[in-house]
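Chemist: Sequence and predicted structure below; questions after.
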Amino acid sequence: MTVTGSTLALATTRGQSTSAEDTLSPAPLLPTIRLGDHRVTRLVVGSNPISGYSYMGPILDRHMQEYFTPERIAEFLWNCERQGINTHQFSRPEQMGDIFRKLRERGSNMKFICLHSGQPQHISVDKVVNETQPIAIVHHGGVTDRLFREGKNREVQDFVKRVKDSGVLAGVSAHNPDCIKQIADEGWPVDLFMTCFYYLTRTQEELENMPPVVTLQVGYPFFAADPMAMTKVVRQVDQPCLCFKILAAGRMCSSDHKVEAAFKFAFEHVKPTDGVIVGMYPRYHDQIRQNAQYTRQFAALQEA
């Protein structure tokens, strides 16, 4: 991929309108939902672009990694807050602790939700709580799907207990709607779910045994019917759900109309107590402002 110097300069200018943002008054808070004792905006800023996960291939992954320096991450989250977003879901606590401290020193009131694999080789729950002060820790969706497939549900349940014992809200993420439904049916003491609009973790055997279906192509099996299956479960469970990949990891972003339609679909198909997590890459376009605008437009006017 060839990128000219002038293009890079333009990208940097658009992505870092720091002084311009700071001269404007902050936007009002977006509509909120309740997570435990916390009010969080129905639009939560996600972490995949920050972490370099584009779901579009290694070239764009690297593009994102090069853009999101620690300084740009801090400025990005600051600008999200100024557009009325008050919550960020993150997945690299060892990287984000210092950034969060700098934001708080600057006067930020951003709340944080940690996505955690639950695996013993990774940073402990207690250390995450001490270093990042999240309001919630959620078990990683890809790991959840795998453990349920292997009959190791107890590992996820034990993780939920460890998180509850640490004093913060406990959640479970999944791409497979059946995992969410099973946890709800069994009455696990989870405070929230993170629910992917697309079941990306199907095994090769599952894919081979499926009838031909329409997909949103590019690298991963984004089946066009998946959002209906997940949102059906989302509406059935009592807990608040934070739905992610509502834009199919960029596949629904070819036009403003498609982005608008995706936000409209999401808020029309979930409960008033649910929200969405959306990763943003503001290098060429003010996605923060756009996504906040669509959330104000389609989220329920009354706060849940």
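Modeler: Looks like it came in fine.

Chemist: What mean pLDDT does stretch 90-97 get?
Modeler: The pLDDT scores in stretch 90-97 average 94.

Chemist: Without its sequence neighbours, what residue ends up closest to Arg162?
Modeler: Val125 (5.1 Å; CB to CB, 6 or more residues apart in numbering). All C-beta spots, glycine's among them, are computed from the backbone N, C-alpha and C.

Chemist: Check Gln95 too.
Modeler: Once flanking residues are discounted, Gln95 sits nearest to Pro70: 7.7 Å by CB to CB, 6+ apart.

Chemist: Spit out the contact partners of the one you found.
Modeler: Each residue near Pro70 by CB atoms under 8 Å, 6 or more residues apart in numbering is listed here: 95, 98-99.

Chemist: how would you label Arg146: helix, strand or coil?
Modeler: Look at Arg146: counting by DSSP: H, G, I helix; E, B strand; the rest coil, its state is helix.

Chemist: Disregarding residues adjacent in the polypeptide, which is nearest to it?
Modeler: Spatial nearest neighbour of Arg146, chain neighbours left out: Thr201 (7.2 Å); criterion: CB to CB, 6+ apart.

Chemist: I'd guessed the one you found sits against Phe148; true?
Modeler: No: applying CB atoms under 8 Å as the test, Thr201 and Phe148 come out as separate, 10.1 Å apart.

Chemist: Quickly list what's touching both of these two.
Modeler: Counting by CB under 8 Å, 6+ apart, the contacts common to Thr201 and Phe148 are Asn176.

Chemist: I figured Tyr294 was touching Val259, is that so?
Modeler: Yes: Tyr294 is in contact with Val259 according to CB under 8 Å; the separation is 6.9 Å.

Chemist: returning to what we had before: which ones among the contacts of Pro70 lie within helices?
Modeler: Among the contacts of Pro70, the members falling in helices (DSSP state H) are 95, 98-99.

Chemist: ok, back up a step: residues contacting the residue nearest to Arg162?
Modeler: Here Val125 is in contact with 116, 137, 159, 162-163, 166 (CB under 8 Å, 6+ apart).

Chemist: now swap in Leu200 and tell me
Modeler: 175, 220-222, 245.

Chemist: quick one: the helices in the protein?
Modeler: For the chain, the helices defined by DSSP H cover 5-15, 18-23, 48-51, 58-67, 70-82, 93-106, 125-132, 141-149, 153-166, 177-186, 204-209, 226-236, 256-268, 287-298.

Chemist: Show me what the shortest one is in contact with.
Modeler: Surrounding helix 48-51, the residues in contact under the criterion CB under 8 Å, 6+ apart are 54-55, 64, 68, 73, 76, 90-92, 249, 279-281.

Chemist: Just the C-alpha atoms of that helix, please, in PDB.
Modeler: C-alpha atoms of helix 48-51 as PDB (Å, rounded to 0.1, in the frame of the first residue of the first chain):
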ATOM      1  CA  ASN A  48     -10.000  -3.000  18.500                       C
ATOM      2  CA  PRO A  49      -8.700  -0.200  16.300                       C
ATOM      3  CA  ILE A  50      -6.600   1.000  19.200                       C
ATOM      4  CA  SER A  51      -5.100  -2.400  19.600                       C
END
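
Chemist: gap between that helix and the chain center?
Modeler: Chain-centre distance of helix 48-51: 10 Å, with CA atoms, centre = their mean, to the nearest Å.

Chemist: go on, stretch 74-87?
Modeler: Worked out by CA atoms, centre = their mean, stretch 74-87 lies 14 Å from the chain centre.

Chemist: Ok, stretch 80-90 next?
Modeler: Here stretch 80-90 is found 11 Å from its chain centre; the criterion is CA atoms, centre = their mean.

Chemist: got the end-to-end distance for it?
Modeler: Distance between the two ends of stretch 80-90: 14 Å, counting by CA to CA, to the nearest Å.

Chemist: got it, and stretch 121-137?
Modeler: End-to-end distance for stretch 121-137, by CA to CA: 17 Å.

Chemist: what's the answer for stretch 243-263, then?
Modeler: 11 Å.

Chemist: Could I get the buried residue list for that stretch?
Modeler: The neighbour-count check on stretch 243-263 (16 or more other CB atoms under 10 Å) flags 243-253, 259-260, 262-263 as buried.
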